[in-house]
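[1] below is the structure, and that's it, no one-letter string:
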């Protein structure tokens, strides 16, 4: 683990890179290629990576889980960017939920 860099700094850099590459030429950027294929394809990739992470976890494959989790986070950030949602929107929601019982918080969303 790199102890000198805060993990959220890494995510912020990745978010900025994804935003920069989103409108690039799809032949030169994987992010642009995903964006050109649309939200359904990006969402499919998020689902695939989530399943692969679960499989690695169930197999007690630590290295596999780390790799698949990195893929999942990457594709989730691509999806969020495509939908105009910033990482700060997610952290704001997590801040809102902090200190609230998970059971209470989930019950408060029943009407959503």
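    The structure has been received and is ready for your questions. Fair warning: this is a prediction, and the values are worked out from it, not measured in the lab.
[2] report the contact partners of the residue nearest to the spatial centre of the chain.
    Closest to where the C-alpha atoms of the chain average out (C-alpha atoms, centre = their mean) is residue 76, at 2.8 Å. By C-beta atoms under 8 Å, 6 or more residues apart in numbering, residue 76 lies in contact with residue 46. Every C-beta, even on glycine, is put in place using the N, C-alpha and C of the backbone.
[3] pull out the buried positions in the helix or strand hosting residue 42.
    Secondary structure assigned from DSSP states H and E places residue 42 in helix 39-58. Buried positions in helix 39-58, judged by neighbour count with 16 or more other C-beta atoms under 10 Å: 42-43, 45-46, 49-50, 52-53, 56.
[4] do you know how far the closest residue to residue 91 other than its chain neighbours is from residue 15?
    Distances taken as C-beta to C-beta, 6 or more residues apart in numbering put residue 8 closest to residue 91, at 7.8 Å, once the chain neighbours are dropped. For residue 8, the distance to residue 15 equals 10 Å [C-beta to C-beta, to the nearest Å].
[5] the two: who's more crowded?
    Set side by side, residue 8 and residue 15 show more neighbours around residue 15, with 18 against 11, by other C-beta atoms under 10 Å.
[6] contacts only, for that one.
    Residue 15 is in contact with 77, 81, 86-87, counting by C-beta under 8 Å, 6+ apart.
[7] make JSON lines out of those and add pLDDT.
    Converted to JSON lines, the contacts of residue 15 look like this (pLDDT from 0 to 100):
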{"residue": "77", "pLDDT": "99"}
{"residue": "81", "pLDDT": "98"}
{"residue": "86", "pLDDT": "97"}
{"residue": "87", "pLDDT": "96"}
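[8] what are the ranges of the helices in the protein?
    Counting by DSSP state H, the chain has helices at residues 7-21, 30-37, 39-58, 62-82, 87-97, 102-108.
[9] now the shortest one: average pLDDT?
    When pLDDT is averaged over helix 102-108, the result is 69.
[10] how about the first one?
    Mean pLDDT, taken over the full extent of helix 7-21, equals 96.
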